[in-house]
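Enquirer: predicted model, plus sequence, below.
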There are 2 protein chains.
Amino acid sequence: MKVTIKDIAKATGLSPATVSLVLNNRPSRIAEATRARILSTAREMGYRPNSAAASLRTNRSYTLGLIIPDIQNDYYATYAKGMEDACAECGWNMIFCSTNNSPTRERQAIEALFTKNVDGIALVATPSKDDENDFIANRELILSMKTPLVQMDLTAYKEPINAVISDHQKGGYMATRHLIALGHRKIAFITGPSSLEGSQSRLSGCKKAFQDNNLPWDDGLVYTGNYSYASGLDGIDYLSDKDFTAVFAFNDLMACGVYCGLEKYGLAVPTDVSVIGYDDHFVSGILSVPLTTIRQPIYEMGKESTRILIHAAENPDAPPVVSKFDLKLIVRKSTRKIR
Amino acid sequence: MKVTIKDIAKATGLSPATVSLVLNNRPSRIAEATRARILSTAREMGYRPNSAAASLRTNRSYTLGLIIPDIQNDYYATYAKGMEDACAECGWNMIFCSTNNSPTRERQAIEALFTKNVDGIALVATPSKDDENDFIANRELILSMKTPLVQMDLTAYKEPINAVISDHQKGGYMATRHLIALGHRKIAFITGPSSLEGSQSRLSGCKKAFQDNNLPWDDGLVYTGNYSYASGLDGIDYLSDKDFTAVFAFNDLMACGVYCGLEKYGLAVPTDVSVIGYDDHFVSGILSVPLTTIRQPIYEMGKESTRILIHAAENPDAPPVVSKFDLKLIVRKSTRKIR
DNA sequence: GCGTTTTGATAAATCGTTTTAACTATGCAC
DNA sequence: GTGCATAGTTAAAACGATTTATCAAAACGC
């Protein structure tokens, strides 16, 4: 039925050992003629290795696992693409798990990946609103399995850990500074969930920018969103009776909601209100008023995650790596000098 | 190190055979007490099955492979999510492969999936512009492996094959009829690549709608795009010196390009020109002028694909299934009665 | 008490590959 | 002809689970 290494051995009159040595390109002294013969019959017979057998024997699968909260989210999808492309370059494979923002499914995914013997796991933890413990527990689970782990956007941890991060404090600072430079003083902020470090960091960057410019901070202009389109809308509802000339939404999706909300209240972007987002989601460039935003090199972060994991898989006692990425201010049409 | 079935056997003083029988819930006469003992020690010892070993022995992996052209594309991502959700419900796993629109990588993905012993493959073939042969060759490859295959949006094939499809001719018809009903007579069409069946079908649906209403068809108002944002823009450039009151873009992404193009020429949607898209991409609802579109139940199609594959895996000689899905006209703000 | 059925559990082969120590044959030096 | 190095190849033991035929003991019928 399926062609195995034994079949090739039989066909060439050699032993399975020899065939395996050649097919895996192991350092050994196999005559060049033999090598060629094996290679060509393998091709002719349509040999395809059985990775289950190999993985059983070697305990390696040349496969990475990726766990993301939602594959439909462009942000995670881009990260996934980065990882996948880097894997393809090295001939590795990936198993994706999209957990639909459920810590339970996240846990199941981890178990499944372990069962499948992956050589490394990239975890983009689900932004669990309430239960921080799930999050910790799942990370612990991976670590307890001794499988290399790389985490996105996580720094604080009791022990060093592989991570790809971007400096969100700086991102928050850059965005705010941009608005301040345009003359804005009454700036509203629509943040992410306060449980998320990324959101916290951005906010502290914003405050720092105010400080550095000797401007008074007003907590009343901060609305806590949850990174969804709807919460951008809600933010504007909340802000509708407040006085502000610019909005910094902590991601682009909420910025889209902000656009819609502002329109509802008869406010034009950027004439009446400047809007800045975060992420550089692909829609940002094709909106009616293209959105000024902070770009995260999320694709590159995906690629780097793969590199880190492969390296960790191949060097079991390499020290943890933290790769820090630079953010970039992308100025488009949604922000302008205050009138 | 890792807990195996043998370890549990040793710990309970039973044999590996018994442990396996219990853990897999096989029909057999194991004393209830024994069963309970095994289950509890397995839990205590943190046993996790080694799927490589199981798969080697049984030739089953409870894993499906999915091959899509681009994970970053919301359309495919939604399909993937549907498949994944359905898998999670059944305790199955998925291996995603995003091929970046490269037939070569598509081929590599197929090989990798085969090597990994997946129990079924869902193929969303890359819309290869020029070389139809790659496409055929890759499908043949999967079929030759005797692995269950389900294909999205493909009907024509010399032999019956599992597929999930939507009736694109009807979709084209619905969209065109909608515009005609609003009084439009000069309708421009921005299609997909003519090599793709889905695009062809939509176009024939459009023509049929014209026929049924005794309207003259004008090939000059047809622009062949490639489903990208840019080709929506290009389409409007091409049409700029033509006379038309409505545009039907064969997907929403091109419709976004159309929005932008029309703005460039000082035309407002829907006041000057009505625009209708296709897919119901998530941006369609959050555009400044929400887009009227034809919704494909792509998430459901993903779920169904999983069901088909699992069924095929468990019933090796079940006949091929073709699941047909209904399309729906979603009327938003981008189309209106002609002035 | 004997033969038969039922119950509960297991021995052992197997899946396809990898890997290491061991083996044979050949060439070479003397 | 003997000893030794080297080149080329292989035997055989894993890896961890599954599965079938088989076995031992207990229960049962009479």
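Expert: Received it, and whenever you're ready, just let me know what you need. Here the structure is a predicted model, which is why all the values come from computation and not from measurement.

Enquirer: contact partners for the closest residue to residue A:161 other than its chain neighbours?
Expert: In space, and not counting its chain neighbours, residue A:161 is closest to residue A:320: 5.4 Å by C-beta to C-beta, 6 or more residues apart in numbering or on different chains. C-beta: built from backbone N, CA, C; applies to glycine. Residue A:320 is in contact with A:160-163, counting by C-beta atoms under 8 Å, 6 or more residues apart in numbering or on different chains.

Enquirer: next, give phi and psi for residue A:248.
Expert: phi -110, psi 110 (degrees, to the nearest 10).

Enquirer: hmm, it is touching residue A:189, no?
Expert: Yes: between residue A:248 and residue A:189 there is a contact under C-beta atoms under 8 Å: 5.2 Å.

Enquirer: neighbour count: those two, which is higher?
Expert: Per other C-beta atoms under 10 Å in any protein chain shown, whichever of residue A:248 and residue A:189 has more neighbours is residue A:248, with 31 against 26.

Enquirer: contact partners for the more buried one?
Expert: Counting by C-beta under 8 Å, 6+ apart, residue A:248 makes contact with A:172, A:175-176, A:179, A:187-190, A:206, A:275-276, A:278.

Enquirer: may I have the beta-bridge partners of it?
Expert: residue A:189, residue A:276 (DSSP bridges).

Enquirer: just the pLDDT at it, thanks.
Expert: Note on residue A:248: pLDDT of 98.

Enquirer: what of residue A:276?
Expert: For residue A:276, the pLDDT comes out at 98.

Enquirer: same question for residue A:129.
Expert: Per-residue confidence (pLDDT) for residue A:129: 55.

Enquirer: count of neighbours near residue A:67?
Expert: 25.

Enquirer: oops, could you answer that again for residue A:325 instead?
Expert: 15.

Enquirer: before we move on, back to that, and which of the contacts of residue A:248 is nearest to residue A:10?
Expert: Distance to residue A:10 across the contacts of residue A:248 (C-beta to C-beta) is lowest for residue A:278, with 61.5 Å.

Enquirer: contacts only, for the closest one.
Expert: A:171, A:175, A:202, A:248-252, A:255, A:293-294, A:296.

Enquirer: same thing with residue A:321?
Expert: With C-beta under 8 Å, 6+ apart, residue A:321 has these contacts: A:162-163, A:308, A:311-312.

Enquirer: widest-spaced pair of these?
Expert: Maximum pairwise distance among the contacts of residue A:321 (C-beta to C-beta): 13.8 Å, between A:163 and A:311.

Enquirer: these two: which is more packed in?
Expert: Using other C-beta under 10 Å, the more surrounded residue of residue A:163 and residue A:311 is residue A:163, with 22 against 15.

Enquirer: phi and psi next, for that one.
Expert: phi -160, psi 150.

Enquirer: which parts of stretch A:49-68 are buried?
Expert: Buried residues in stretch A:49-68, counting neighbours by 16 or more other C-beta atoms under 10 Å in any protein chain shown, are found at A:49-56, A:61-68.

Enquirer: kindly report the same for stretch A:181-198.
Expert: Quick answer for stretch A:181-198 (16+ other C-beta under 10 Å): A:182, A:184, A:187-193, A:196, A:198.

Enquirer: beyond the worst-scoring helix or strand of chain A on mean pLDDT, next helix or strand please.
Expert: Confidence across the helices and strands of chain A bottoms out at helix A:132-144, with a mean of 75, counting by mean pLDDT, DSSP states H and E. Toward the C-terminus, helix A:132-144 is succeeded by strand A:149-152 as the next helix or strand (DSSP states H and E).

Enquirer: just how off-centre is that next one within its chain?
Expert: Using C-alpha atoms, centre = their mean, to the nearest Å, the mean C-alpha position of strand A:149-152 is found 9 Å from that of the whole chain.

Enquirer: equivalent analysis for stretch A:326-339, please.
Expert: From the chain centre to the centre of stretch A:326-339 is a distance of 24 Å (C-alpha atoms, centre = their mean).

Enquirer: next: stretch A:256-276.
Expert: 29 Å.

Enquirer: the nearest residue to residue A:15 once chain neighbours are set aside in helix, strand or coil?
Expert: Leaving aside its chain neighbours, residue A:15 sits nearest to residue A:9 (5.6 Å; criterion: C-beta to C-beta, 6+ apart). For residue A:9, the assignment made with DSSP: H, G, I helix; E, B strand; the rest coil gives helix.

Enquirer: please name the residues that touch residue A:9.
Expert: A:15-16, A:18-19.

Enquirer: give me the buried subset of those.
Expert: Of the contacts of residue A:9, these count as buried by 16+ other C-beta under 10 Å: A:18-19.

Enquirer: tell me the buried residues in stretch A:269-277?
Expert: A:269-270, A:273-277.

Enquirer: how about stretch A:322-337?
Expert: Taking 16+ other C-beta under 10 Å as the criterion, stretch A:322-337 shows A:323, A:327, A:330, A:332, A:334-336 as buried.

Enquirer: how far away is residue A:161 from residue B:95?
Expert: 26 Å (C-beta to C-beta, to the nearest Å).

Enquirer: in chain A, which spans are strands?
Expert: Taking DSSP state E, the strands of chain A run over residues A:63-68, A:93-98, A:120-123, A:149-152, A:162-166, A:187-191, A:222-224, A:246-249, A:274-276, A:293-295, A:322-325, A:328-330.

Enquirer: what's the burial count for residue A:25?
Expert: A total of 9 residues lie near residue A:25 under the criterion other C-beta under 10 Å.

Enquirer: go on, residue A:316?
Expert: Neighbourhood size, residue A:316 [other C-beta under 10 Å]: 8.

Enquirer: got it, and residue A:24?
Expert: Using other C-beta under 10 Å, residue A:24 is surrounded by 11 other residues.
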